[in-house]
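Visitor: coordinates only, sequence not included:
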């Protein structure tokens, strides 16, 4: 090789600027974090010193929040499981929830016509749960088969955008099918009123929601840890290719994941409908987004994370506006509760990018 | 074959348009005519001229799709019945106006600014549109459709806009008018009811971020505080369809801390029903009365709220009592049921009146030309509508005032519903309170 | 080679069933009935009937397309095609017939308790306004015939098929756009009665024939032009020269058409184009964030809101619902609006620098919601108008030689929007082909490696957010100008989705794609207002369909296409056995 | 004279595991140093820590006398340290030329405004970036030149991807080049070729090179000096012969194998 064919580029002697080492990003984020926390603390201090809220009121707010959070928790588990296995956000999970509610609604109407809802509430709730689960599972599996499976190896944005499209499509399909007016969901009269537990009066519907949600989380934890299907799910979550080399049928595991996510969504849908007495085509969107936020907040892919994220979100939405804003004399504090939802999300992700229960390690090169 | 393309396409298009132009000049055009006092060629905004036998074109700009379709379609049916009644009878066959059939061009206001803009532009761009009945939602009209159409001299008359701002003197567009009642009246009556009849001095309000609800709670606050009451808490929420939550318990608990005697929530369903239901679950709200408005007052409220609807006060503006004695209202209701089924919103009669008020004015100013065509000067038509006085409409005796409110003195009923199962307490039953006032009365005191 | 009979049967049944599902879906979702009043041609062909036959037609013509199996092309002859098409149409028609039967068996009321759209009006539409039995029979027969006809068309040679398809499409479009075209012709002072029927609203038979002929002629001319262009290109390739007409010259006629449009189209179409312009800006801005830098932003509506509200507040001269009304002139306000938007972009970008993909999506979605909540809130009511919004936003005006131009009027507004769009497109294009664009690209492909190669990801992410915010805020500013008053309900999540759908349909990273996407997704619904109700449904379907069948979009960006078909290209390359070039150095040199 | 690179007491822990444990290393200008060691010895962690991907827990990395600890990867690249990756990391959908042009990024200045306005300075710079990128690609002769410039990177063969990665690193105009297993996955012929090219990198371009390598023939062929790591510690240093016969090194390799077996 002849010399001089390649001209040796002059080597610039770059030097490190004075501010080069200044951790700009961390500083910005720290400042934001401190500002938000300080603002919240100041608001809380003012609210408490105003003293408009009684202790009973705070207690009630927390209980309402926990009940709402339990529903978020159930939906969030569906997001989390799919994410864990496929690394994709099933944006349409809220619609899976909505179809579950409609499925059970039509059954509930029949039961109500025969007076069963009030004469044997436990049996009818069980039937409704099954109906809700069947419907949600059917939609979830169909969704996976038609919209997601062909895209399993596509770049990550592709299935996410598909999921957003599917969400919009399903939502408006339900609107076309069932009309856009919300429909009243028949609820057993015995579900009204409250029980006193440990000296605290708690709405019966709230108690049922919390109990069912905790049971489902426990069952799911057991399922994933102990059963064969659960173990293969974890294997697929670790590495799809290796799992399939190990003789695991990846397609089957993915379908199972959607089935379980759908079942949880179906249960959540029936609980939601029983608590609020309404079903409608847009009912899935907001709980879906909130549950999705809860899942990310807790650490997506983790069962405990979804549970914790759901609870935090529920309580924050319930208590937050009253606690942080009343004292600052901000009008219409409850209007601003979504600001809390997403602010806490940003804060958590700044300091723990993997969510509360997630791992914060950067990806390895 | 080098470059046939562009030239050929352009040539073909040019030829086509020439053909079209050759066929032109059959309709539209100047119209020439214009006898009498008005010269169509010089008067501002000119005249609309319809050839002999050609239909008079009327636009509607109503919310005919989506979740608010019930509101817009209901008004559209009211307009259709008005056309039916042009011949003096409800027989399902359209009548004629000044010797011409009437053709409707139905546009959708989408209950939004964008819808008002698109639909308004479309109607404003059609020089053969005589006037427009619309919009359904105040936000579609305010500063959007009223201006777009007004700039072309086209009347926009609304059957269901209730926002006070539309006819506020500094915002009113000269070609805008409405037959729906101004929210100021309802807010005033509700305030009178709460303060005088119930004797309450502390109330809280909740609005749903819609201009309608925010207008009513704002108006209520003004009137109630003038009377000497206190608004203890003003809350708001995002509707479920708009991305809000179904859980109102935290919000209601917050309100309970300010110890109101009544909560006023002039919103829509399902939120009204949810608020009524969940308020029953809050122990600290025991004894606190609930009050909704005509937005809540629909059959869905009773379906969804169930037993929780018991004891909720609901206001409902109705046509003034004198109107129904003519028997026309009964005929109208029968025809509506016959042709379109159940009435889905309370504004069909207002739509009927809206069309008729303008139609009556058309009869006054239309110029019959010698060739059988008819010319209608736009400004004269507007002026004629504003001169409407004591017109016997379905909703009462209408008088138009200079800011565009063409309304009868309005009665607002306030009913309380003890149980959804008791038929006498269904909406439309005997009110426990009613007050009839005019807009001037309401505004004069406010 | 012809196809095995069993395979043909399988394919026909499959296509028929798919068509059946599509028809039943369209009926139940309410679309068929919603379009029953729009007559396309005469009084007997409303859009609803076309919609009923469309799935069979599409399924039939697609099912008979030649297929390549194992390197052998399998074609159908005319008879087979007609048979297959007829069975597809029959299956689809039979499905509707079964549906009608079920409804009659159970009772309409009961079915309507579940499916809202099953009304007596729908049943009448399905049975073609006749008695149940006769109507159903006619429908099935029509469906079968349609299937057969379109299957025949499917096996025609392309040079015959294309003009026919184009002609039919033109008739359909002219019929669907009846009110728009009519108004346009009236404004130009042209006659319309020969084209559109006064009684039915749709095309007259003469009009239909003329439209069909025009469509055929256009298709033929286009084909001729293509051939000429191909011949030209071949010639050029032989000569090795440059194109005879420089590309830049092509811009002249395009520019001329763009300038002439408002005068040709009239006010309403100009207004729709103005709206398209607003969304072209939104698309271009989001394209920088998503298409170039790969940061999925689901809260893009935030910048739209910032642009609109900032413009509204800054330009208002009287109390507009905001206590601030400085009354700045529009041109002075725009730079301030852009600066505010850039600040907002940095504010949103700052905290999310470390987040990737899905996490970024949810956080930005949250920011979009926060923007909506804040503009609606009673808290900021005195500045932003709260639920009542802002009103009385003045339109920018200009006086040229005594001529007073009000930019809220659709035609002047079109030029304003056009100017903004050209500016944004120019900036996007220049950025894409520069050091900045390369850095974004590298970052999108592999963030860590890009950083290791000297790209400051912090800086370029913030830059992407800032550029996206600036362009999006221009869209918002135009929106404020066009509408003249703002309501918070205009700033919802759907706007973000709309912008995303535009760049997905057009092709991520592609500037012409954004324009086409906006024309299709914003322009068409603007013309067809009764579609408004189904707009979200159609958007959803478009997003899914594009991602499944053509992820690179209609007008793809080259690099994106590679990304999405990486696997296939790799396989192709392997199949073709691309040879490695011989090493440039002999083995001897390399050995010590 | 201070060495070009000076590493003192470098420690990096992941959880309880020390991937680097008080490592000291100095590289003089113009040297080619190989880093060897069994899997998990901390070789790649060393590279990642040097290039700013990880912050060290203790110790210092000095380049040309100034510390690079706390700098971000892009800043370190600008100072003149560039690298390749153990598993190839190209920008697969960008063309070969574009890949190399990204390497030139840190030597340019054109920003938003000049890019949009396409000012003369920016045009010259673009021209320069293109020329230098071409020049770097031509280092491998015809393999990455000509029609290959416009091919997307993912169409390249495995060996060519490795070569492109080296070209891209060269395009950043480094003084110190870090090569992480450059011959992994190459056939013997290609390996030989690359060995020669590593020599040429120093000869033609005056680079200082730190290379992680498993193939002992390559290590023998290129190294002025060899450093052996185990458990994040330096266990031997010297010429190839010295290190290859060092008992601790042999034990480290064999011991692992025995344990694994």
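Guide: Happy to help now that I have it. None of these values were measured; they are calculated from a predicted model.
Visitor: Please list the residues of the stretch 1-150 of chain C that sit near chain A.
Guide: Contacts of the stretch 1-150 of chain C with chain A, taken as Cβ under 8 Å from any Cβ of the partner chain, map to C:25, C:28, C:29, C:30, C:31, C:113, C:114, C:115, C:116, C:117. To be clear about C-beta, it is placed using only N, CA and C from the backbone, and glycine gets the same treatment.
Visitor: hmm, which two among those are most spread apart?
Guide: Taking Cβ to Cβ, the two most distant members of these are C:31 and C:113; they sit 20.5 Å apart.
Visitor: Dihedrals phi and psi, the residue most central in space within chain B?
Guide: In chain B, the residue lying closest to the centroid (Cα atoms, centre = their mean) is residue B:160, at 1.2 Å. When read as degrees, to the nearest 10, the backbone of residue B:160 gives phi -140, psi 10.
Visitor: Pull the contacting residues for the nearest residue to it once chain neighbours are set aside.
Guide: Ranked by Cβ to Cβ, 6 or more residues apart in numbering or on different chains and with sequence neighbours excluded, the top spatial neighbour of residue B:160 is residue B:347, at 4.1 Å. Counting by Cβ atoms under 8 Å, 6 or more residues apart in numbering or on different chains, residue B:347 makes contact with B:71, B:74, B:75, B:78, B:159, B:160, B:180.
Visitor: Closest residue of the stretch 351-500 of chain C to chain B?
Guide: residue C:485 (3.3 Å; Cβ to the nearest Cβ).
Visitor: Nearest residue to that residue in space, ignoring adjacent ones along the chain?
Guide: residue B:143 is the one closest to residue C:485 (Cβ to Cβ, 6+ apart), at 3.3 Å.
Visitor: before we move on, what about residue C:447?
Guide: Leaving aside its sequence neighbours, residue C:447 sits nearest to residue C:457 (Cβ to Cβ, 6+ apart; 5.7 Å).
Visitor: Need the residue closest to the centroid of the chain.
Guide: Defaulting to chain A. residue A:291 (1.9 Å).
Visitor: not quite, I wanted chain D
Guide: residue D:178 (2.0 Å).
Visitor: now that residue, what's its secondary structure?
Guide: Classification of residue D:178 using DSSP: H, G, I helix; E, B strand; the rest coil returns strand.
Visitor: so what's it up against?
Guide: Per Cβ under 8 Å, 6+ apart, neighbours of residue D:178: D:47, D:50, D:51, D:81, D:82, D:83, D:84, D:209, D:210, D:211, D:212.
Visitor: still on that earlier bit, kindly reformat the contacts of residue B:347 as CSV containing pLDDT and secondary structure.
Guide: Formatted as CSV, those follow (pLDDT from 0 to 100; DSSP: H, G, I helix; E, B strand; the rest coil):
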residue, pLDDT, secondary structure
B:71, 84, helix
B:74, 88, helix
B:75, 91, helix
B:78, 93, helix
B:159, 92, coil
B:160, 88, coil
B:180, 85, coil
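Visitor: for the residues you listed, which one is nearest chain D?
Guide: Using Cβ to the nearest Cβ, the contacts of residue B:347 come closest to chain D at residue B:71, 48.7 Å.
Visitor: was I right about that closest one contacting residue B:138?
Guide: No. Contact criterion Cβ atoms under 8 Å: residue B:71 and residue B:138 do not qualify, at 11.7 Å.
Visitor: Please work out how many residues are found near the residue of the stretch 351-500 of chain C closest to chain B.
Guide: Using other Cβ atoms under 10 Å in any protein chain shown, residue C:485 has 26 other residues around it.
Visitor: again with residue A:126
Guide: Residue A:126 has 12 neighbours, counted by other Cβ under 10 Å.
Visitor: So which residues make contact with the helix or strand hosting it?
Guide: Residue A:126 belongs to helix A:121-143 when assigned by DSSP states H and E. With contact meaning Cβ under 8 Å, 6+ apart, helix A:121-143 is reached by A:78, A:90, A:92-93, A:95-97, A:99-104, A:106-108, A:111, A:116-117, A:166, A:170, A:188, A:190-191, A:255, A:258-259, A:261-263, A:265-267, A:269-270, A:274.
Visitor: what's the distance between the closest residue to chain D within the stretch 301-446 of chain B and chain A?
Guide: Residue of the stretch 301-446 of chain B nearest chain D, by Cβ to the nearest Cβ: residue B:378 (49.2 Å). As judged by Cβ to the nearest Cβ, to the nearest Å, residue B:378 and chain A stand 38 Å apart.
Visitor: do residue B:220 as well
Guide: Counting by Cβ to the nearest Cβ, the gap from residue B:220 to chain A is 15 Å.
Visitor: Please apply the same query to residue C:528.
Guide: Noted for residue C:528: a distance of 17 Å to chain A, by Cβ to the nearest Cβ.
Visitor: Likewise for residue D:136?
Guide: Counting by Cβ to the nearest Cβ - residue D:136 and chain A are separated by 9 Å.
Visitor: show me the contacts for that residue.
Guide: D:100, D:103, D:167, D:168, D:170, D:171.
Visitor: cutoff 10 Å now
Guide: Shown in contact with residue D:136 (Cβ atoms under 10 Å, 6 or more residues apart in numbering or on different chains): A:6, A:9, D:97, D:100-101, D:103-104, D:144, D:164, D:166-173, D:205.
Visitor: circling back: for the residue nearest to the residue nearest to the centre of chain D when sequence neighbours are not counted, grab the count of nearby residues.
Guide: Computed as Cβ to Cβ, 6+ apart, the closest residue to residue D:178 that is not its neighbour in sequence is residue D:83, at 3.9 Å. For residue D:83, the neighbour count with other Cβ under 10 Å is 27.
Visitor: Now the phi/psi pair for residue D:83, please.
Guide: phi -150, psi 170.
Visitor: That one touches residue D:170, doesn't it?
Guide: No. Between residue D:83 and residue D:170 there is no contact under Cβ atoms under 10 Å: 11.2 Å.
Visitor: Quick check: neighbours shared by those two?
Guide: Joint contacts of residue D:83 and residue D:170 (Cβ under 10 Å, 6+ apart) are residue D:177.
Visitor: buried residues in the helix holding residue A:126?
Guide: Of the residues in helix A:121-143, A:121, A:124-125, A:127-141, A:143 count as buried by neighbour count, 16 or more other Cβ atoms under 10 Å in any protein chain shown.
Visitor: Enumerate every residue touching the residue nearest to the centre of chain A.
Guide: So residue A:291 contacts A:69, A:71-80, A:93-94, A:97, A:265, A:268, A:284, A:306, A:309-310, A:313 (Cβ under 10 Å, 6+ apart).
Visitor: any idea how far chain B is from the closest residue to residue A:300 other than its chain neighbours?
Guide: Spatial nearest neighbour of residue A:300, chain neighbours left out: residue A:83 (4.7 Å); criterion: Cβ to Cβ, 6+ apart. Distance, residue A:83 to chain B, using Cβ to the nearest Cβ: 23 Å.
Visitor: Just give me the neighbour total for residue A:83.
Guide: For residue A:83, the tally of surrounding residues (other Cβ under 10 Å) stands at 23.
Visitor: same deal with residue C:78?
Guide: So residue C:78, with other Cβ under 10 Å, has 12 neighbours.
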